[in-house]
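Fold the following.
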Amino acid sequence: MVSDVIQLLHAAPFEAFQIVTSSGTRYRVTSADHANVNPQRNRVVVWFNDDSSVTLWGLHIAAVEKEAPPKAEAA
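Residues are numbered from 1 along each chain as shown. Okay, here's the model as predicted:
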């Protein structure tokens, strides 16, 4: 799953996604600057707009989900 996170962080154009842990907690990654993977590729850090962060062990990442693109408004 960590390799999926890396792929989404480097996608162009970037699309927001969510990391789902084995406990069911979801962490939204809104930009490539809001997450990073350590050099050993076994942890992901997600930063939030309030300057807090969470470190996730790769073994506890159950899913990585792309968010649905915003719907175009009807004319």
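
in the sheet, who's paired with I61?
For I61, the beta-bridge partners are T21 (DSSP bridges).

and the residue nearest to the spatial centre of the chain, what does it touch?
Centroid-nearest residue in the chain: V29, 4.2 Å away (criterion: Cα atoms, centre = their mean). Contact partners of V29, counting by Cβ atoms under 8 Å, 6 or more residues apart in numbering, are V5, L8, L9, A16, F17, Q18, I19, A35, V46. Backbone N, C-alpha and C define where each C-beta goes, glycine included.

Now stretch 45-64: buried residues?
V46, W47, L56, G58, I61, V64 (16 or more other Cβ atoms under 10 Å).

now swap in stretch 2-16 and tell me
Neighbour-count burial for stretch 2-16, counted by 16+ other Cβ under 10 Å, picks out V2, V5, L8, L9.

ok, now stretch 17-32?
Under 16+ other Cβ under 10 Å, the buried positions of stretch 17-32 are F17, I19, V20, T21, Y27, V29, T30.
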